[in-house]
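Q: all I have is the shape, not the residue letters:
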């Protein structure tokens, strides 16, 4: 495993397992398989409804808590009770602290929620803070109105949409990107780009492994999810080779400035109004 240095003096694994869209039993099995196969980072969220399953997987792995990096996210509907919501998140994960806590969506009183997260850091409940799906303008608002710079920003990022402008902005804070849709939502056109096929042949890897390795070498954290243990193994088997600077420059040429998902105003309002009972998750 390789690690990235964060702006608060901590480190984060460069690759982990994501649990988006996984049912609790699926998330538990995937995380157990991941931890067995060399992963040390698990990404979950209130809204994924599988935090309890992640907590069970960590316990089942019999790894020391400090040997597993857990990131999770506060959902907008809990921003109004953010201090309590953080304690409830800790209880669902069955842990004393969260390594990285994100604000999941930029709606509601996200500045107030971020300040509560800062209090949680001071109380030892959270190690690092992050923002998920925030724009550059919204990140600037957080930076201007709070004390702790976000350590990680989680956004859509892949070779077709490498977030070049956002990364240049974040560099001034030492903030790193965690990429969701790191493989472009499984887009075959992206996966089959000739440059990835050529490099896969050269290094004896799959096209997906080439893309994931590109991410880590340009400073992104990747969290691909899978229910298939062989795919889980493959997704972490990317640290035994390194792309050259020339190859990374060649990959940069496939940038199309095209993303696969953009939340509409209606969707964002829906996030604010959607308030499931998170403690009912299995």
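A: Arrived safely, thanks for sending. Note that the structure is a prediction, hence the values are computed from the model and not measured.

Q: which strand or helix spans the most centrally placed residue in the chain?
A: Compute the mean C-alpha point of the chain, and by Cα atoms, centre = their mean the closest residue is residue 178, 4.7 Å away. Taking DSSP states H and E as the definition, residue 178 sits inside strand 176-180.

Q: note down every partner strand of that strand and its orientation.
A: Partner strands for strand 176-180, per DSSP bridges, with pairing direction: strand 152-156 (parallel), strand 221-222 (parallel).

Q: give the bridge partners for the residue nearest to the centre of the chain, please.
A: According to DSSP bridges, the partner residues bridging residue 178 are residue 154, residue 221.

Q: pLDDT on the helix or strand following the strand holding residue 178, on average?
A: On the C-terminal side of strand 176-180, the nearest following helix or strand under DSSP H and E is helix 188-191. Averaging pLDDT along helix 188-191 gives 97.

Q: which is the next helix or strand following helix 188-191?
A: Per DSSP H and E, the first helix or strand lying C-terminal to helix 188-191 is helix 194-203.

Q: can you give me phi and psi for residue 12?
A: For residue 12, the backbone dihedrals (degrees, to the nearest 10) come out as phi -130, psi 140.

Q: next, the nearest residue to it once chain neighbours are set aside: secondary structure please.
A: Of all residues not flanking residue 12 in the chain, residue 4 sits nearest, at 5.4 Å (Cβ to Cβ, 6 or more residues apart in numbering). From N, CA and C alone the C-beta is placed, and that goes for glycine too. Under the three-state scheme (DSSP: H, G, I helix; E, B strand; the rest coil), residue 4 adopts strand.

Q: so where's this protein uncertain?
A: Nowhere does the chain drop to pLDDT under 70.

Q: if we use 90, what do you get?
A: Low-confidence segments of the chain, defined by pLDDT under 90: 185-186, 262-265, 269, 272-281.

Q: show residues contacting stretch 54-70.
A: 12-13, 16, 19, 27-32, 35-36, 40-42, 44, 72, 92-96, 98-100 (Cβ atoms under 8 Å, 6 or more residues apart in numbering).

Q: can you check the distance spanned by it, start to finish?
A: The first residue of stretch 54-70 is 9 Å away from its last residue (Cα to Cα, to the nearest Å).

Q: could you pull out the strands in the stretch 1-150 of the chain for me?
A: For the stretch 1-150 of the chain, the strands defined by DSSP state E, counting those that start in this stretch cover 3-5, 11-13, 17-18, 41-43, 69-74, 98-103, 126-132.
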